[in-house]
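Take this sequence and fold it.
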Amino acid sequence: MVFGLLYKKSKRIFGKKQWIMIKDDLDWKILEVLQQNSRTPYAVIGREIGLSASAVAERIQRLEDSGVIEGYATTINLKKAGLPLSAYISIQVQKTNHATFVSYIKEFPEVIQCSRVTGKDCLIMKCALKDSSHLANVIDRLAVYGDPTTLVVLSEVIRNGMICKEIIELAAALEAGDMPD
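Numbering: from 1, shown residues only. Below is the predicted model of the structure:
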């Protein structure tokens, strides 16, 4: 019953048709509450948005089944876990070595996030580290594949930013040529 999951007709976002799996403002409100605290009981969410706990549970199940909610995670304070230094390391890897490098970095426990990006460098990694000598060791191990560029994090300005309805509305306005101030 896949069609039962698609509540709105397709919508064009940046020129591409996309199925919108988020039914209405109540779904958005549920997602906002869960992003703030994924352990919030259904009854509490329901009281906050005016639904019964069972209605909230059904909506959350639908959002999980449709892939909007991919999972739930625990946020760890890296400093309190003994890893007070965070750094972003970008690197340009030759096309022929890309797959080998990706396999290689999966063995680095320090790499807690890695994304393929545009620009001069093709990958950027976020690393959790004990100190500057630990960072130097990681850089040395990466340098086998290219010339790493390192950015040490001084402080986090936004951590785990919230995905909200306004992002979709802004994207639609930009596509329509309505440039918000």
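
Residue 126 should be in a strand, yeah?
Yes - when the secondary structure is assigned by DSSP: H, G, I helix; E, B strand; the rest coil, residue 126 falls within a strand.

which SS class is the closest residue to it other than its chain neighbours?
Of all residues beyond its chain neighbours, the one nearest residue 126 is residue 113 (4.1 Å), with distances taken as C-beta to C-beta, 6 or more residues apart in numbering. For the C-beta atoms, the positions are set from N, CA and C on the backbone; glycine is no exception. When states are read from three-state DSSP, the local structure at residue 113 comes out as strand.

Let me know the distance separating residue 113 from residue 42.
Noted for residue 113: a distance of 30 Å to residue 42, by C-beta to C-beta, to the nearest Å.

Now for the residue nearest the centre of the chain: which residues touch it?
For the chain, the residue lying nearest the average C-alpha position, counting by C-alpha atoms, centre = their mean, turns out to be residue 160 (7.7 Å). Taking C-beta atoms under 8 Å, 6 or more residues apart in numbering as the contact definition, residue 160 lies against 35, 75.

contacting residues around the residue located most distally from the centre of the chain?
Relative to the centre of the chain, and counting by C-alpha atoms, centre = their mean, the farthest-placed residue is residue 52 at 29.4 Å. When the contact criterion is C-beta under 8 Å, 6+ apart, the partners of residue 52 are residue 46.
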